[in-house]
Structures are given as C-alpha cells and as structure tokens.
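J.: here is the input, now give the coordinates:
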Amino acid sequence: FKIFADAAEKEINCFQPNRGYLETPEIVVANRKREQLFYFYKQIAITYATYHPETDKRKGGETLAFAFREVGSILLADYASETALLTDLAAKLRQLPYSAALAVVGLQDAPDRLDAANEAFNAIYLKRSAAERERAQAWTMKQLRPVTDAAFNHLAQAINALYAANEMVG
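T.: Got it, this is the predicted structure:
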C-alpha cells in the first residue's frame, strides 16, 4: 500500500503543481532596494556633475556619472543580468579613478552598500532558482502513470491473495 500511496501522491503533485514561489515577495522587495540604491547614487553623481559649485566635486561627479551611465538601465535587465551589472559596477567603483571620485563627493561606502544589497537579493534569488530547477526536473505524468499502474496492480494482487487465503481458511 505504501508504494501505491507514494506513487499516487507523486501523480497528484504532478497534476496540481505549485504555480507560485514563496520567495517572490522577498525577491521583489530586495530587487527594489538594490535598484533604488543604484538610482540614488546615480542621481547624486549626476547632481554633483551638473550643479555642484566646486570644480573638484563637479569633476568627481562627472567621473561617477560616467560609471553609472556605462551600466545603462538596470530596469530593463532580467534578475541575473542585473545582479551581474551591479557586481561589476561595485568592483569598478573600488578602482581608480572612481574610488578617488567617491572620496571627493563623500560616497566612499557606495560600493559596499551596493554589494550588500545585491548579495542580499542574490541569496534569495538563488534559493528560488533551486526551486525552479527542481520543478523543471520533476517527473512528468507520462513517466509517473506506469509506476502508479504497476503499484496498483501489485496492491490489487496482494489484496486478492489475502482475500483468497482468508476464504480458504474460513
């Protein structure tokens, strides 16, 4: 009976799969946080480049604005691409001349904060990706049905044998 019950449960799970992911709300929040952080720093860089009255700070803003412009619009990228873009940006901001420009405008912590938000998102996203992979590799009904049928036939034979034995004894 246990073999048949397991086979039937697998069939039910295949026939009525989960349609959503538990992590989706967390992913949306974490993604929004890293996008807001990216655009916050981008706008600060553009503001320094455009409006700051001191030449050295305006130059620093121009350098940073260039780095952010090179990334493009992360809103158009899928989650994995956005993660890669932000990882590359944080690494680039730690190198000269960008690290010097960050120091001039007082945003030395920007690469660390971008990395932290990006890694927090990626941890949740990897967990959901594992669930997606499990679903993709799950059994199909075509594979499950013969197993269930064989288990049912075996169960029916066992019940019939027990019935026959009880009838003979009785």
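
J.: low-confidence stretches in this protein?
T.: Within the chain, the ranges that satisfy pLDDT under 70 run 10-23, 129-141, 144, 170.

J.: which residue is nearest the centroid of it?
T.: Tyr125 (1.8 Å; CA atoms, centre = their mean).

J.: so what touches the host helix or strand of Ala65?
T.: When elements are assigned from DSSP states H and E, Ala65 belongs to helix 55-71. Residues outside helix 55-71 that contact it (CB atoms under 8 Å, 6 or more residues apart in numbering): 38, 41-42, 44-50, 52, 85-86, 88-89, 92-93, 97-98, 100-102, 104-105, 107. All C-beta spots, glycine's among them, are computed from the backbone N, C-alpha and C.

J.: could you flag which of the residues you listed are buried?
T.: 38, 41-42, 44-46, 48-49, 52, 85-86, 89, 93, 98, 101-102, 104-105, 107 (16 or more other CB atoms under 10 Å).

J.: separation between Leu64 and Val104?
T.: Leu64 sits at a distance of 9 Å from Val104 (criterion: CB to CB, to the nearest Å).

J.: what's the answer for Phe66, then?
T.: From Phe66 to Val104 the distance is 14 Å (CB to CB).
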